[in-house]
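**Q** let's see this in three dimensions:
(5 chains, ligands or ions: 4)
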Amino acid sequence: MFDFLDLEQYDLFGAFWTTVQLTVYSAIGSLIWGTLLAAMRVSPVPIMRAFGTAYVNLLRNTPLTLVIVACSQGLYFTMGVSMGASGSENIAFRLAVLGFIVYTSTFVCEALRSGINTVPVGQAEAARALGLNFSQVLRLVVLPQAFRAVVAPLANVLIALTKNTTVAATIGVAEAALLMRDMIEREAQLIPIAAVFAFGFIVLTLPTGLLLGWVSKRVAVKR
Amino acid sequence: GGGGDDDKISVGIKYDQPGLGLKTPDGDFVGFDVDVATYIAGELGYEPDQIDFVESPSGDRETMLDRGDVDFIVASYSITDERKEQVDFAGPYFVAHQDLLIRDGESVPNEEAIADLTLCSVGGSTSAANLAEQYPGAGLEELGTYSECLTGLENETVDALTTDDSILAGYAAQEQNQGKFTLAGLSLSDEYYGVGIPKGETERRDDINAAITKMVDDGAWQEAVDEHFGPAGHEVEPAPELTETS
Amino acid sequence: MSDAPLTKDPAESAPLAEDLVVLESVDKHFGALHVLQDINLTIKRGEVVVVIGPSGSGKSTLCRAINRLETIDGGSITIDEKPLPEEGRELARLRADVGMVFQSFNLFAHKTVLQNVTLGPVKVRGISKEEAETKARGLLDRVGVGNQADKYPAQLSGGQQQRVAIARALAMEPKVMLFDEPTSALDPEMINEVLEVMQQLAREGMTMVVVTHEMGFARSAANRVVFMADGRIVEEAEPHQFFDNPRSDRAKDFLSKILQH
Amino acid sequence: MSDAPLTKDPAESAPLAEDLVVLESVDKHFGALHVLQDINLTIKRGEVVVVIGPSGSGKSTLCRAINRLETIDGGSITIDEKPLPEEGRELARLRADVGMVFQSFNLFAHKTVLQNVTLGPVKVRGISKEEAETKARGLLDRVGVGNQADKYPAQLSGGQQQRVAIARALAMEPKVMLFDEPTSALDPEMINEVLEVMQQLAREGMTMVVVTHEMGFARSAANRVVFMADGRIVEEAEPHQFFDNPRSDRAKDFLSKILQH
Amino acid sequence: MSKAASVLYDAPGPRAKQRNIFITIGFVAVLAALAYWILSELGDKNQLAAEKWDPFFTDSRVWTTYLLPGLQETMTAAALSLVIALPLGAVLGIARMSDHWWIRRPADIVVEFFRAIPVLILMVFANQAYAEWSTIDREMRPMYAVITGLVLYNASVLAEIVRAGVLSLPRGQTDAANAIGMRKGQTMVHVLLPQAVTAMLPAIVSQLVVIVKDTALGGALLGYGELISNTRLVAGNYSNTIAAYTVAAAIFIAVNFLLTYLAGWLEARIRQGRRGTGAVLSSDLAEETQAGGAGIAAPTLDKGAGLPDGTDRPAAQGGTAAGGDGRTGGAGGREPDDPDHVS
Ligand SMILES: Nc1ncnc2c1ncn2[C@@H]1O[C@H](COP(=O)(O)OP(=O)(O)OP(=O)(O)O)[C@@H](O)[C@H]1O
Ligand SMILES: Nc1ncnc2c1ncn2[C@@H]1O[C@H](COP(=O)(O)OP(=O)(O)OP(=O)(O)O)[C@@H](O)[C@H]1O
Ligand SMILES: [Mg+2]
Ligand SMILES: [Mg+2]
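**A** Numbering: from 1, shown residues only, chains lettered A, B, ... in the order given. Ligands and ions are numbered 1, 2, ... in the order given. Sure, this is the predicted structure:
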């Protein structure tokens, strides 16, 4: 039943490796941009708060497929922005990573903000009462506690991101879902193929969840 | 009949391929495949208003036939050996060739030149796979739909869109695109479009084959070709020999 | 800490003549709620003022306004004759000069006791880490939790946490200390250990504003009792006079509720 | 409620002879922590027992064990001579016979005051809604919040909430009431209004176990004071004897901490 | 509050206000430059041409033939998915809190399994399963498959939301219910779930938004005629991919905004006048329970004086309500994960 696994034309590991790469680059980018967005949303400057809020609300409400397609269709195919890459494979990969960052960062931002919300008011007040300024309050007191509270929600964002990389298939990034579509098209053995890919994703996501769940308990701030 | 209703017939077509099968703003279906399907259904004794057109996405076609969701499929369905293990075909009713769609005024002199081009096709399609195999040097963007490829072609981020010439001609013939694109006229492969039918329905196959023959003979076939591919200025080969006979 | 600890019998000793904190016709609204209404209050250097009053009367808001954790809508607040700065470096410097101790301790949960105490001096005062630590250990010893320096707040009892919070405030060498109900989140047995540290501070001459319901402390340590109700200062008096012979009805009523049991 | 309210001077009246709650060598661990160690305690019908002791000594656990909100590891607890059922319908019935009032009120936030009081009688006792409401209004009047019946808990002050909680427990007509620090989450001015309701209950003959730090209440309402420390009952005595002349060092030490201020 | 005060920083003074104005000008300038660049690039490439956009304004058939039916399919699938997933999720969530391992474990496995697999693969599975083992006809099958995939995934997520919602309630609520003699089931039905629902509402809505967006996954592979796949037809007909997708995105954003708004309104109505347990579980706030290992009592930055654009809770809700004995949250040491509303 699983004889298609032997076929040399299907590079199963290569495809999942691309999935992993997509996930890793997007995760790093989302973390950075998401943190900046979160800082904007709690900053003293009204325009930044407004921008952060608008950005998050718009992007969160848009289907990921459209975000990815917009990167490909709008940014590259229309405006010719290839982000320094050459070769269609590379360009598509980078566009996909960009799209994932643009989208996933909103969830990172919200997770961080909720993490900030788990820090009791008194912590920030005590810090201000000592004479720390905004950035010191944020850096020395609030964020260190927020980040610890936020490992578990961020783990969920990471898992969702891993699964979401399947959407990159729409713009031709050769990751797992594209290969799956290919194999379904040609092998006509849908159930075993889908089973193999489901298993692949479980292998990727379950350990991530367990590991980060464990980490979140380890670093949790005791109050 | 698959739809359950005896006085109706369900036919699988594509909804999103200009020239072959396209759902128009009026909710009607137009295209060469649609005409062929309508003609065949007529020969089988069904009036046009008794036909249920059903969208049959590429990945779903075998299943739909297998389950009897549709009576037959006319959806740029290339006859291949793998597919013949699961379904039967009638026809072929059309021979298409993989070709390139390029901006009007440009040209691709020969097949070797393809290796220097950046092309675009739909992910997972036979044409994409073909190209990757034959011209590993060529750039290939694999997108979700051909109209997304057109954006790139229009804005010069890709040099050509590649798939079956029938589909390309359909796009080139669209009102908004007339005068913008042209076919390169290469013939990178032969795709024999068949009418997909559930396995083992030999009687149905004979009837459909007869209908196809009749359509070619009475000129309706040529009329449909002219209507749908003509505006693109695309030369279509005469109807192929029937090969899928019992 | 003030450098020259002076012994005083707070109930009797005449406070030093110098005005340290002066509030003049201070007003503050929360939306429609007028929480501070025309507050005039002067706190002299070395004085211990206890603020009491029913819940919601604006005691906490008063404390927070002195530290500018809340802005005020009208009137003025000066500390050491300088008006409260609006923002920036000067505001930070002012806050460093005004120590604050909260009802709920508010120790930084992710830092050890020692780090809690050194954070301010190092980051705000710019003192070297070694110096800050030496001083911090001294302060922790003084409040009686010297041996807990490397624990995290969650590992301490409430009383210990509050004493660390006092040490944290003292580490900034403030001119005045504000206490907002420092013992009301504590288990009864722990209240005394905190009150004792505060008594000690008072004896050493620290200027203190204390919101509390601990009448014993008010009687023994305060120079003055300020009674607030509905955002106003209703009565100001020496402790023995206030407790034994309150003038206003509001205060009489309040004391009857509190002292009966 | 007991039907025949009897007046008693709690400090003197001999309690009725009948044993209502009996704990025999009760043991309880939380992991390695031995929180209840060989507890023997008998509470007679109509008796008011005050439990005091330092934080963490196991007072709450004791209360919760009597209501079987915590299981015990060893020993036995009987109520009205019936051992505590393990689970199911009988356990629910027992709990309905034992009223409990918590430090943090724990009113059901999504139900009005009236619904809070009628929920138990209707769902557990199976009384008709009308009957339950009539009774509930009576009880609410009795604890002095009759006019708040249709508000939600969050709209009430702490003292009012706690009185509703008492009414909720009384509505089940319990044989014994457990109070776990009923006043320690309250603002000082509200403590008395709750204590008065409890005093009234005691006078009417309700059997009560009260964990509290309110010494005034203990002196005036209790038949007996039980002093716990480290999971053990260290001392049991009449209130005046306990407060004026504690026998154990542990109790002396504790009282000195609590009473000093 | 009149001034944009926050607990993180001070109310801006005159200098801060001036600085804010400069930052605002700079920020707006950068945004405007970006917008100008994008528009001019699109203009250069003829993407702003009337022929690409006109169909949406002049040709009502674009709406009646493609977009509106697509939107209807999207909403139907989303609504059905939610309606089925919600009770299923509630059951799973309650099962995960069961005292009996033989109920808890299987529920754990189901939830973890379906949360680990991309929804797309679930839909493909479902589609094939229906094709092989059911008589659902072709017209309905993609919809069934889409709904099945969405239900399996979202029920698992909702199970976590329900669990987090119940665990976010102060332990005292259970104690109080037990103390008046209510049994486990009664406590759940009369005391915990009604309160948890209010606490969970924001999380449920953000999940609904996820569902609406995820219906799009069924379009490409299964040929389900939802909004995006119908948008592709528009693009195929009018060769205006960018315009078509832009309109589709706008529709999605509008619909999801509306949903969020409705939910906010609903929540405000349910909540009216009866806050107090302090349990709030906004879309991303399940962690409150996590932090609650030592009592949810402490007001958090969000609940207290409030972050700017934080939620609309009134300030200074001192959390005395939650048990004072410091072990309110984290019943049995099991912490609810943040229901992942990301997809
Ligand atoms: N941030 C705020 N937003 C709105 N209202 C507030 C805020 N802080 C305090 N209040 C209101 O202002 C009034 C005074 O509050 P304050 O905390 O100063 O009283 P308090 O005397 O300290 O009371 P307590 O003894 O309960 O601490 C109260 O009615 C309170 O509800
Ligand atoms: N669920 C629990 N899990 C683990 N330890 C517990 C639990 N409940 C109580 N303890 C521990 O058991 C001991 C006794 O607790 P208990 O609440 O009965 O004390 P208490 O006398 O009521 O104290 P307090 O005056 O602070 O309320 C404490 O050390 C406490 O930390
Ligand atoms: Mg206060
Ligand atoms: Mg207790």
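**Q** packing partners of the longest strand anywhere in chain B?
**A** In chain B, taking DSSP state E as the definition, the longest strand is strand B:88-96. Packed against strand B:88-96 by the contact rule (3 or more Cβ pairs under 8 Å, 6 or more residues apart in numbering or on different chains; DSSP states H and E) you find helix B:32-43, helix B:165-173, strand B:191-197, helix B:202-217. Placement of C-beta: from N, CA and C, glycine included.
**Q** tell me how many other residues surround A:Val215.
**A** A:Val215 has 14 neighbours, counted by other Cβ atoms under 10 Å in any protein chain shown.
**Q** distance check, it against B:Val87.
**A** Per Cβ to Cβ, to the nearest Å, A:Val215 is found 52 Å from B:Val87.
**Q** could you point out the helix or strand that follows the longest strand of chain B?
**A** Counting by DSSP states H and E, the next helix or strand C-terminal to strand B:88-96 is strand B:98-103.
**Q** outside of that next one, which residues touch it?
**A** Defining contact as Cβ atoms under 8 Å, 6 or more residues apart in numbering or on different chains, one finds that strand B:98-103 is touched by B:108, B:114, B:117, B:119, B:127, B:130-131, B:153-154, B:156, B:159-165, B:168, B:171-172, B:180-189, B:191.
**Q** circling back to that earlier point, and among the helices and strands packed on strand B:88-96, the most buried is which?
**A** Comparing the helices and strands packed on strand B:88-96 by mean neighbour count (mean count of other Cβ atoms under 10 Å in any protein chain shown), helix B:165-173 comes out on top with a mean of 27.
**Q** sorry, back to before: can the helices and strands packed on strand B:88-96 go into CSV with extra columns for distance to chain E and mean pLDDT?
**A** Output for the helices and strands packed on strand B:88-96, formatted as CSV (distance: least, Cβ to the nearest Cβ, whole Å; pLDDT from 0 to 100):
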stretch, distance to chain E, mean pLDDT
helix B:32-43, 14, 93
helix B:165-173, 8, 87
strand B:191-197, 14, 92
helix B:202-217, 18, 91
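**Q** can you give me the strands in the stretch 51-200 of chain E?
**A** Shown for the stretch 51-200 of chain E, no strands are assigned by DSSP state E, counting those that start in this stretch.
**Q** distance of the nearest residue to E:Asn154 once chain neighbours are set aside relative to E:Gly149?
**A** The spatial neighbour of E:Asn154 that comes closest, neighbours along the chain excluded (Cβ to Cβ, 6 or more residues apart in numbering or on different chains), is E:Ala85 at 4.3 Å. Distance, E:Ala85 to E:Gly149, by Cβ to Cβ: 11 Å.
**Q** C-terminal to the helix or strand of chain A with the lowest mean pLDDT, what's the next element?
**A** When each helix and strand of chain A is scored by mean pLDDT, DSSP states H and E, helix A:176-187 comes last, with a mean of 78. Going down the chain from helix A:176-187, the next helix or strand is helix A:190-219, by DSSP H and E.
**Q** C:Asn192 contacts D:Lys257, doesn't it?
**A** Yes - the criterion here is Cβ atoms under 8 Å, and C:Asn192 meets it with D:Lys257 at 5.4 Å.
**Q** of these two, who's got more company?
**A** C:Asn192 (22 against 17).
**Q** any idea which helix or strand carries the more buried one?
**A** Assigned by DSSP H and E, C:Asn192 falls in helix C:188-203.
**Q** chain neighbours aside, what residue packs nearest to the residue of chain A found nearest chain B?
**A** Per Cβ to the nearest Cβ, A:Gly172 is where chain A lies closest to chain B, at 3.0 Å. Excluding the flanking residues, the one nearest A:Gly172 by Cβ to Cβ, 6+ apart is B:Glu142, at 3.0 Å.
**Q** what about the one you found, neighbour count?
**A** If you count neighbours by other Cβ under 10 Å, B:Glu142 ends up with 27.
**Q** so what's it up against?
**A** If you count contacts by Cβ under 8 Å, 6+ apart, then B:Glu142 has A:88, A:92, A:171-172, A:178, B:120-124, B:128 around it.
**Q** residue boundaries of the strands in chain B?
**A** For chain B, applying DSSP E gives strands covering B:9-13, B:16-17, B:21-23, B:29-30, B:51-55, B:72-73, B:88-96, B:98-103, B:118-122, B:139-143, B:160-164, B:181-183, B:191-197.
**Q** buried deepest among those, which one?
**A** strand B:72-73 (a mean of 30).
**Q** find the residue closest to the residue of chain A found nearest chain D in space, skipping its chain neighbours.
**A** With Cβ to the nearest Cβ as the measure, A:Lys222 is the residue of chain A nearest to chain D, at 16.7 Å. Nearest non-adjacent residue to A:Lys222, counting by Cβ to Cβ, 6+ apart: C:Ala154, 3.7 Å away.
**Q** show me which residues of chain B sit near chain E.
**A** Within chain B, the positions lying close to chain E (Cβ under 8 Å from any Cβ of the partner chain) are B:2-4, B:10, B:15-18, B:22-27, B:54-57, B:59-60, B:63-64, B:66-67, B:69-70, B:144-148, B:150-151, B:154-155, B:171, B:174, B:176-177.
**Q** could I have the buried ones of these as PyMOL selection syntax?
**A** Selection of buried members from the residues of chain B next to chain E for PyMOL, criterion 16 or more other Cβ atoms under 10 Å in any protein chain shown:
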select buried, chain B and resi 2+3+10+15+16+17+18+22+23+25+54+55+56+57+59+60+63+64+67+69+70+144+145+146+147+148+150+151+154+155+171+174+177
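**Q** which ones among the residues of chain B next to chain E are found in helices?
**A** Among the residues of chain B next to chain E, DSSP state H puts B:63-64, B:66-67, B:146-148, B:150-151, B:154, B:171 in helices.
**Q** need the residues you listed in CSV (columns: distance to D:Leu33).
**A** Formatted as CSV, those follow (distance: Cβ to Cβ, whole Å):
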residue, distance to D:Leu33
B:Thr63, 63
B:Met64, 67
B:Asp66, 66
B:Arg67, 65
B:Tyr146, 71
B:Ser147, 70
B:Glu148, 66
B:Leu150, 73
B:Thr151, 69
B:Glu154, 75
B:Tyr171, 77
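**Q** from those, which is closest to C:Arg137?
**A** Among these, B:Glu148 lies closest to C:Arg137 (Cβ to Cβ), at 68.3 Å.
**Q** now the closest one: how far from A:Thr78?
**A** Noted for B:Glu148: a distance of 11 Å to A:Thr78, by Cβ to Cβ.
**Q** also B:Cys120?
**A** 13 Å.
**Q** with C:Ser25 instead?
**A** Here C:Ser25 is placed at a distance of 64 Å from A:Thr78 (Cβ to Cβ).
**Q** more neighbours: the two, which one.
**A** The neighbour comparison of C:Ser25 against A:Thr78 (other Cβ under 10 Å) goes to A:Thr78, with 24 against 13.
**Q** you'd agree the more buried one is up against E:Lys45?
**A** Yes - the criterion here is Cβ under 8 Å, and A:Thr78 meets it with E:Lys45 at 4.9 Å.
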